[in-house]
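A.B. asks: With the sequence up front, the predicted model follows.
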Amino acid sequence: MAIFVTGAAGFIGRNAVPLLLREKHAVVALQHREQVLPVCDKNLTIVHGSLNTLDAGVVASLRECDTILHLAGGTTPASSADAPLLELKENLLPTLKLLEAARQSRIRRVVFLSSGGTVYGPPTCIPIDESHPTHPTSPYGVGKLATEHFFRLWAARNGADCRILRVSNLYGPFQHPHGNQGVIGAWLRCAIGKLPLVIWGDGSVIRDYIFVRDAASAILAACIDENIPSGTYNIGSGTGLTLLEIAAEIGRATGLTPRIEFNPARSYDVPVNILSHERFTRACGWTPAVILREGMRLTLDWMNP
C-alpha cells in the first residue's frame, strides 16, 4: 500500500509511521519544514507543506497513494475552549482542502483519528460504546465530530472505505511534555522537575488512558487490514482511573512524592470517560497490550535515555 500520512512528525505519527514502514508499506509523510521525522527508510517519502496551502508537489504525491491516514490537528480541548473559530481554521478547513485535493486521486481508504474522550460528552452508560449519543461539551469535540462526518461523506461519494478511530487519552514517547494536553507525560516531567501536578477540580475525574504504541498498532490495522468494515471504532484501554490515582502512579513510577496543586474545575471536562473497544477487537483481534505501569516506565525511559 501507499499511505499518505498527515501529522507524520507529530506525537502519534512518530509512533505509527515506523510500524507502517516495518510492514513494507510505502509512506508519504506530510510535515512542516521545521519538523523532523526520526526515521530513515527507502519506502518513506517526506513531503514538506501544509494542509492550508497544498501545493502542486503535495497534491501529486497524494495522487500516488491509495490510503489517507489523517493524524494532523492544530488544537486541543483547552486551546479551543473559548475560541471555537480555531476549530474551523486549524482543523475543519484544512481537512476539507485535503479531501478536495484527494477527489481526483486513487484513494480507496481513509483513516481518521478522532477523539473518544471528547465526542461523546457526559456518559449515559459506562463503558461507552460506539452507539452512545454524541453530545460534545467543547469546540474541540464538536470539531472532531464534524470532521468524522466530512470523511464519511467523502468516502461515500468516492466509493472508499472510511475507518474512524475514536481514541482515548494517549501517553508515551514523543508526546510534547510542555503542552496543555497529555496529563501523564506532562506530570512525569513535572514530578522529575520537582514541580506541582496541576489538577483541575478535585481529582475525581476519571479517564481511560492508552499507551501510544498500542494506539499505533490499532492505526496499522485500520490502514492495512482488508477485513475491517468501514465504520467507527473506539480505541482505549477499557479501564478508568481518577486523576488522583494517576498522580499516585506518577509517584510510584518516579520514586518521588509529587506535590499536587488544585485549580477550579473546567466546564468542558466530563466526569468520567471509559471506552469499550469490543467492536474493534471483534473486527480485527486488536487489544491493548501495555498496562499503565509499564507504559509509564517506557515513557520515563524515553525521557531519560
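C.D. replies: Done, it's in.
A.B. asks: Now do the SS call for residue 199.
C.D. replies: Secondary structure assignment for residue 199 (DSSP: H, G, I helix; E, B strand; the rest coil): strand.
A.B. asks: who's in contact with it?
C.D. replies: With contact taken as CB atoms under 8 Å, 6 or more residues apart in numbering, residue 199 is in contact with 243-244, 247, 260-263. Yep, even glycine has a C-beta here, placed from its N, CA and C like the rest.
A.B. asks: mind redoing it with 7 Å?
C.D. replies: By CB atoms under 7 Å, 6 or more residues apart in numbering, the contact list for residue 199 reads 243, 260, 262-263.
A.B. asks: Okay, strands next: where are they in the chain?
C.D. replies: With DSSP state E, the ranges of strands along the chain come out as 2-6, 26-31, 44-48, 67-70, 109-115, 161-167, 169-171, 197-200, 206-207, 209-211, 231-235, 241-242, 260-263, 272-273.
A.B. asks: So which of those strands is the most surrounded?
C.D. replies: Counting by mean count of other CB atoms under 10 Å, strand 67-70 has the highest mean neighbour count of these, with a mean of 27.
A.B. asks: partner strands of it, parallel or antiparallel?
C.D. replies: strand 2-6 (parallel), strand 109-115 (parallel) (DSSP bridges).
A.B. asks: Would you mind pulling the contact partners of the first one?
C.D. replies: Counting by CB under 7 Å, 6+ apart, the neighbours of strand 2-6 from elsewhere in the structure are 13, 17, 20, 25-30, 51, 61-62, 64-72, 98, 223.
A.B. asks: Same question for stretch 112-124.
C.D. replies: Here stretch 112-124 makes contact (CB under 7 Å, 6+ apart) with 12, 70-71, 77, 128, 132-138, 140-141, 144-145, 147-148, 151, 164-169, 207, 234-236, 270, 272-273, 275.
A.B. asks: gap between the two ends of it?
C.D. replies: Stretch 112-124 has an end-to-end distance of 25 Å (criterion: CA to CA, to the nearest Å).
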